[in-house]
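>>> Just a sequence and a predicted model for now, questions to come.
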Amino acid sequence: MKLALALLAALSLSGCAIVYDYAQEVAQAQCASSNSNPQDRRACEKRNAPAYDDYEARRKRLKEGQPG
């Protein structure tokens with residue numbers, strides 16, 4: 001409950017980039033704490049690596065029908 005309120009407050013005060021970055025940090029921490037093999041951990045980290053600006057640019061390209 002507190003986490004949801006904190007995310008809502010962050011979103012309303014600052015914008016999506018901060019919330020995105022926070023979610024990325026949480027995902028990276030989950031990758032690091034998983035008990036899987038190193039290859040799976042690296043794949044997890046790579047999936048969760050894009051910066052918000054890269055994510056937003058790719059999203060816009062896909063929205064316009066261009067390849068990602």
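Happy to help now that I have it. Numbering: from 1, shown residues only.
>>> mind listing the strands for the chain?
Chain-ordered strands for the chain, with DSSP state E as the definition, do not occur.
>>> Output the longest helix belonging to it.
The single longest helix within the chain, with elements called by DSSP state H, is helix 16-33.
>>> Who are the packing partners of it?
Under the contact criterion of 3 or more C-beta pairs under 8 Å, 6 or more residues apart in numbering; DSSP states H and E, the helices and strands touching helix 16-33 comprise helix 2-13, helix 38-47, helix 52-63. (Glycine included, C-beta is placed from N, CA and C.)
>>> In contact with the residue nearest to residue 20 when sequence neighbours are not counted, which residues?
Computed as C-beta to C-beta, 6 or more residues apart in numbering, the closest residue to residue 20 that is not its neighbour in sequence is residue 52, at 4.5 Å. Residue 52 makes contact with 16, 17, 20, 21, 24 under the criterion C-beta atoms under 8 Å, 6 or more residues apart in numbering.
>>> Check residue 48 and give its pLDDT.
With respect to pLDDT, residue 48 scores 79.
>>> Surely it touches residue 25?
No: with contact defined as C-beta atoms under 8 Å, residue 48 does not count as touching residue 25 (9.2 Å).
>>> more crowded one of the two?
Set residue 48 next to residue 25 and count neighbours by other C-beta atoms under 10 Å: residue 48 wins out with 16 against 11.
>>> Pick out the residue closest to the middle of the protein.
Computing the C-alpha centroid of the chain and ranking residues by C-alpha atoms, centre = their mean puts residue 24 first, at 3.4 Å.
>>> Distance check, residue 40 against residue 65.
When C-beta to C-beta, to the nearest Å is applied, the distance between residue 40 and residue 65 equals 34 Å.
>>> do residue 28 as well
Using C-beta to C-beta, one gets 31 Å for the distance from residue 28 to residue 65.
>>> who's more crowded, the two?
Taking neighbours as other C-beta under 10 Å, residue 28 and residue 65 compare with residue 28 leading, 14 against 6.
>>> Contact partners for that one?
Residues near residue 28 by C-beta under 8 Å, 6+ apart: 45, 48, 49.
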